[in-house]
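Peer 1: coordinates only, sequence not included:
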């Protein structure tokens with residue numbers, strides 16, 4: 001009986017250690033990709049390697065609607081619009097947490113005004129990784145910057161992704 005319990009305990013420990021190792025590995029990949037997202041330079045025409053070509057980004061706008069952006073080019077255009085709207089904010093206190101999905105993590109961060117007295121916003125999102133690339137980003141709470149970025153993007157491009165054929 002003791003031998004059986006020992007074997008079961010050893011097997012459970014091995015499975016848990018594999019799960020924790022996988023969690024640490026996906027968190028490391030997400031940390032690098034999210035760091036690149038935060039540092040995105042919109043001044044040049046680039047195809048960032050940290051975002052999957054078929055990426056989907058979702059932002060909650062209110063209780064019944066969300067902003068849904070698909071494809072690398074669309075996501076980059078949206079992220080650049082977000083940077084334009086929120087250029088005086090910085091992501092600080094970034095923390096990553098594992099989920100029950102193998103290639104998915106939670107990220108929590110604060111959007112902090114740079115040099116201003118305004119209050120910071122605590123953001124919570126789910127990042128789905130495909131290898132070293134972000135394949136999905138779902139912001140779970142509302143951000144005024146998301147709606148402003150959507151309006152800016154639509155006003156500047158008439159709803160088209162910059163560079164798309166007319």
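Peer 2: Cool, got the structure. For clarity, every value in this text was computed on a predicted model and none was experimentally measured. Residues are numbered from 1 along each chain as shown.
Peer 1: Going by C-alpha atoms from here, please, whenever you check contacts or count neighbours.
Peer 2: Fine.
Peer 1: Tell me where this structure has helices.
Peer 2: Using DSSP state H, the helices of the chain run over 2-38, 72-85, 144-157.
Peer 1: now the last one: mean pLDDT?
Peer 2: On average, the pLDDT along helix 144-157 is 60.
Peer 1: before we move on, what about the second one?
Peer 2: Mean pLDDT, computed over helix 72-85, is 85.
Peer 1: Can you tell me which helices and strands that helix packs against?
Peer 2: Using 3 or more CA pairs under 8 Å, 6 or more residues apart in numbering; DSSP states H and E as the contact test, the elements touching helix 72-85 are strand 51-60, helix 144-157.
Peer 1: switch the cut-off to 6 Å
Peer 2: With contacts taken as 3 or more CA pairs under 6 Å, 6 or more residues apart in numbering; DSSP states H and E, helix 72-85 sits against helix 144-157.
Peer 1: Can you tell me, leaving aside adjacent residues, what's nearest to residue 106?
Peer 2: Leaving aside its chain neighbours, residue 106 sits nearest to residue 126 (4.6 Å; criterion: CA to CA, 6 or more residues apart in numbering).
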